[in-house]
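Novice: output the structure for:
(one chain, ligands or ions: 1)
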Amino acid sequence: MTASAEPARDGLDPAQSGLGDMDADAFRRHGHAVVDLIADYLEGVGERPVLAQVRPGEVREALPATPPRAPEPFDAALDDLERVLLPGITHWNHPAFHAYFAITGSGPGILGEALSAALNVNGMLWRTSPSATELEELVLDWLRQLLGLPAGLRAIVTDSASMSTMLALAAAREQAGLDVRQRGLAGRADVPLLRIYTSEHAHSSVEKAAITLGLGRDGVRTVPTDAQHRLDVTALGEAVREDLRFGYRPLAFVPTVGTTSTTSIDPVGAVAELRDELVAELGHPIWLHVDGAYGGMAAICPELRWVLDGVERADSFVTNPHKWLFTPIDCSALFVREPAWLTRAFSLVPEYLTTDDEGVTDYMDWGVQLGRRFRALKLWLVIRYFGADGLAARIREHVAQAQRVVAWVEQHPDLELMAPAPLSTVCFRAAPEDLGGDEDARRRLNRAWLARINATGEAYLSHTELDGRYVLRLALGNLRTTDERLSATLAVLERELTTARAAGSGTPAAG
Ligand SMILES: *Cc1c(COP(=O)(O)O)cnc(C)c1O
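Specialist: Model (predicted):
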């Protein structure tokens with residue numbers, strides 16, 4: 001189409017007709033426009049529908065299917081962002097986003113992302129940007145101090161808790177001394193059945209790691225939990241004993257601090273105790289990896305530091321600054337007691353990457369990735385901007401808001417609290433008296449209630465399943481959720497419950 005017509009020159013930068021990059025003047029102009037767009041977006045996000053109201057395919061159809069032959073004005077793309085993309089965004093920044101874990105970035109974190117994109121360094125080796133490696137080591141040690149973890153732990157930034165857990169379990173596999181790195185697992189008669197133990201409420205990333213590492217889903221045994229959804233350590237001991245009789249070898253224990261459904265906190269100290277007993281008895285190591293992707297950050301508040309009790313005995317621990325520390329996705333922190341297990345598992349240095357640098361960390365040796373983004377920069381800016389006290393105050397506020405929701409549920413005649421809420425997530429359901437104990441009717445009512453809430457665009461909640469019951473989850477953790485906004489959201493929930501009930505949802509006849 002463009003071949004016949006002269007490409008529009010309006011709004012193009014001089015550099016777009018040459019061979020170089022956007023020049024400094026144009027960068028400044030577009031950069032200011034982008035910063036204004038971000039500031040306006042963040043300021044007004046609470047007025048947008050929180051859950052994207054588009055149908056599948058709608059976004060794609062609204063954009064050209066083929067790339068432009070000729071340069072286009074930068075502003076035109078920004079216009080499309082406003083016009084087409086924003087309606088298709090589910091706004092995690094929205095103050096009534098309460099689904100999953102309510103994650104927000106923050107101003108300093110967003111600016112940190114821009115700066116690391118500008119520097120565009122690849123931190124694969126220390127020498128490919130000493131500041132990237134050393135700031136990563138430093139800022140993770142800051143985080144360790146904020147969480148009250150012991151000195152001497154080392155750490156690496158990864159993209160996600162899923163990747164961190166996979167690396168930790170690869171280290172566990174290496175520590176088992178089976179030389180899987182060299183010989184693999186397939187076709188070996190000398191390798192016992194290997195088992196990773198975690199709770200039935202553990203995150204699916206544990207199983208995904210087992211899939212990736214060749215241990216298979218059968219290599220993960222999920223252990224029952226107690227009435228408060230915490231890993232039952234007696235049941236763990238029994239599971240291991242039973243497996244030992246069938247020739248399994250325990251490879252790792254993975255307790256969770258803040259499970260994904262209810263934020264229950266597994267008794268890490270008791271798991272560590274059992275691990276030590278078994279190691280003494282069996283004479284081989286069992287790795288202890290703690291998944292604190294969300295809940296771990298609570299320890300920044302001194303009064304909540306207990307959530308990490310026992311983690312000082314772990315071999316590895318993951319927590320995500322992108323979940324509850326106001327750092328834009330992605331940024332996960334993996335702490336390890338002994339990085340040699342990671343480097344033994346992963347270090348593989350081709351000639352072109354060898355160096356003579358001594359006493360430095362080459363993070364490419366710690367995992368799968370060669371090229372690595374400078375993610376530590378945004379985390380450093382976030383911690384400096386808010387300070388330890390400011391971070392603790394914000395996390396404390398989210399926990400207090402969750403307690404307000406708990407109080408609202410408990411005083412409501414038609415609602416039922418479905419799990420303890422030790423952190424910032426509340427699990428509850430509607431169980432009005434007139435439905436009696438009819439579980440099918442309750443499920444229908446709660447599903448209908450949630451669908452109505454989310455369809456309004458005024459709030460977004462998600463659900464989970466607890467003991468065979470359909471449960472709504474409301475997660476706090478958003479820097480923009482004021483008490484006023486939370487009250488307004490609870491009023492939306494109240495209104496939609498009334499309409500769901502009036503529509504007959506849940507009554508046996510309604511189906
Ligand atoms: C969110 C979560 C994960 C996965 O985190 P990603 O960074 O998205 O991989 C793992 N474990 C727990 C407990 C989580 O809450």
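
Novice: show me which residues of the stretch 301-450 of the chain are close to the ligand?
Specialist: Applying Cβ under 6 Å from any ligand atom, one finds that the stretch 301-450 of the chain approaches the ligand through 320, 332. In this view, the C-beta of every residue, glycine as well, is placed from N, C-alpha and C.

Novice: quick one: the strands in the stretch 301-450 of the chain, in order.
Specialist: Taking DSSP state E, counting those that start in this stretch to define them, one finds strands in the stretch 301-450 of the chain at 316-319, 332-336, 415-417, 425-430.

Novice: do the stretch 151-300 of the chain as well
Specialist: Going by DSSP E, counting those that start in this stretch, the stretch 151-300 of the chain shows strands at 154-158, 193-199, 220-223, 248-254, 287-291.

Novice: pull the residues that contact the last one.
Specialist: The one in question is strand 287-291. 161, 165, 168-169, 171-172, 175, 202-203, 205-206, 251-257, 268, 271-272, 275, 296, 310-311, 313-318 (Cβ atoms under 8 Å, 6 or more residues apart in numbering).

Novice: cool, the shortest one as well?
Specialist: When contacts are taken as Cβ under 8 Å, 6+ apart, the neighbours of strand 220-223 outside the stretch itself are 195-200, 202, 206-207, 210, 231-232, 235-236, 239, 243.

Novice: show me what contacts residue 474?
Specialist: For residue 474, the contacting residues are 98, 402, 405, 425, 426, 428, 461, by Cβ under 8 Å, 6+ apart.

Novice: report how many residues lie close to the closest residue to residue 420 other than its chain neighbours.
Specialist: Nearest non-adjacent residue to residue 420, counting by Cβ to Cβ, 6 or more residues apart in numbering: residue 228, 5.4 Å away. Neighbour count of residue 228, defined by other Cβ atoms under 10 Å: 11.

Novice: residue contacts, residue 102?
Specialist: Counting by Cβ under 8 Å, 6+ apart, residue 102 makes contact with 92, 424, 475, 476, 477, 478, 481.

Novice: give the helix, strand or coil label for it.
Specialist: Under the three-state scheme (DSSP: H, G, I helix; E, B strand; the rest coil), residue 102 adopts coil.

Novice: and the residue nearest to it when sequence neighbours are not counted, what are its phi and psi?
Specialist: Nearest residue to residue 102, sequence neighbours excluded (Cβ to Cβ, 6+ apart): residue 477, at 4.1 Å. Residue 477 adopts backbone torsions of phi 160, psi 10, taken as degrees, to the nearest 10.

Novice: from the strands of the stretch 151-300 of the chain, which stretch is densest packed?
Specialist: Per-stretch averages of neighbours, counted by mean count of other Cβ atoms under 10 Å, single out strand 287-291 among those, with a mean of 27.

Novice: that one close to the ligand?
Specialist: Yes - on the criterion Cβ under 6 Å from any ligand atom, strand 287-291 is in touch with the ligand at residue 291.

Novice: tell me the mean pLDDT for stretch 96-107?
Specialist: If you average the pLDDT over stretch 96-107, you get 93.

Novice: just the buried positions in that stretch, please.
Specialist: Buried positions in stretch 96-107, judged by neighbour count with 16 or more other Cβ atoms under 10 Å: 96, 97, 98, 99, 100, 101, 102, 103, 104, 105, 106.

Novice: what bridges to the residue lying closest to residue 100 once chain neighbours are set aside?
Specialist: Spatial nearest neighbour of residue 100, excluding adjacent residues (Cβ to Cβ, 6+ apart): residue 462 at 5.5 Å. With DSSP bridges as the criterion, residue 462 is bridged to residue 473.

Novice: pretty sure residue 462 contacts residue 90?
Specialist: No - taking contacts as Cβ atoms under 8 Å, residue 462 lies outside contact range of residue 90: 11.3 Å.

Novice: and the gap between the closest residue to residue 388 other than its chain neighbours and residue 227?
Specialist: Nearest residue to residue 388, sequence neighbours excluded (Cβ to Cβ, 6+ apart): residue 146, at 5.7 Å. Residue 146 is 32 Å from residue 227, where distance means Cβ to Cβ, to the nearest Å.

Novice: more neighbours: which of those two?
Specialist: Between residue 146 and residue 227, counting by other Cβ under 10 Å, residue 146 is the more crowded of the two (17 against 9).

Novice: with distance to residue 34 added, can I get the strands of the stretch 301-450 of the chain in a markdown table?
Specialist: Formatted as a markdown table, the strands of the stretch 301-450 of the chain follow (distance: least, Cβ to Cβ, whole Å):
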| stretch | distance to residue 34 |
| --- | --- |
| strand 316-319 | 31 |
| strand 332-336 | 27 |
| strand 415-417 | 44 |
| strand 425-430 | 34 |
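
Novice: just say which of these is most tucked in.
Specialist: Comparing the strands of the stretch 301-450 of the chain by mean neighbour count (mean count of other Cβ under 10 Å), strand 316-319 ranks first with a mean of 30.

Novice: check the offset of it from the chain's centre.
Specialist: The chain centroid and the centroid of strand 316-319 are separated by 12 Å under Cα atoms, centre = their mean, to the nearest Å.

Novice: mind giving me the domain split of the protein?
Specialist: Split into domains by automatic domain parsing, the chain comes to 21-51+90-105+387-511, 121-374.

Novice: the first one: how far from the chain's middle?
Specialist: With Cα atoms, centre = their mean as the basis, the distance from the averaged C-alpha position of domain 21-51+90-105+387-511 to the chain average is 17 Å.

Novice: next one: stretch 12-21
Specialist: Remark: stretch 12-21 is offset 39 Å from the chain centroid, using Cα atoms, centre = their mean.

Novice: got the buried residues for it?
Specialist: Using 16+ other Cβ under 10 Å as the test for burial, stretch 12-21 gives 12, 13, 15, 16.

Novice: tell me who's in contact with the residue of the stretch 251-400 of the chain found nearest the ligand.
Specialist: The ligand sits closest to residue 293 of the stretch 251-400 of the chain, with a gap of 3.5 Å, by Cβ to the nearest ligand atom. By Cβ under 8 Å, 6+ apart, the residues touching residue 293 are 161, 203, 258, 318, 319, 320, 323, 332.

Novice: what's in contact with stretch 119-127?
Specialist: Outside stretch 119-127, the residues that touch it by Cβ under 8 Å, 6+ apart are 128-129, 131-134, 136, 353, 355, 357, 360-364, 369-374, 377.

Novice: coming back round to it: now for the contacts of strand 220-223: which two are most distant?
Specialist: Farthest-apart pair in the contacts of strand 220-223 is 210 and 232; separation 20.9 Å (Cβ to Cβ).

Novice: who has more neighbours, those two?
Specialist: Between residue 210 and residue 232, counting by other Cβ under 10 Å, residue 210 is the more crowded of the two (25 against 19).

Novice: contacting residues around the more buried one?
Specialist: 169, 196, 216, 217, 219, 220.

Novice: what number of residues lie near the residue nearest to the fourth one when sequence neighbours are not counted?
Specialist: Pointing back at residue 217 there. Closest residue to residue 217 apart from its sequence neighbours, by Cβ to Cβ, 6+ apart: residue 207 at 5.4 Å. Residue 207 has 18 neighbours, counted by other Cβ under 10 Å.

Novice: my guess is residue 207 contacts residue 218, does it?
Specialist: No - with contact defined as Cβ under 8 Å, residue 207 and residue 218 do not form a contacting pair (10.0 Å).

Novice: what's near enough to touch the nearest residue to residue 329 once chain neighbours are set aside?
Specialist: Excluding the flanking residues, the one nearest residue 329 by Cβ to Cβ, 6+ apart is residue 322, at 4.3 Å. By Cβ under 8 Å, 6+ apart, residue 322 lies in contact with 103, 105, 328, 329, 330, 331, 332.
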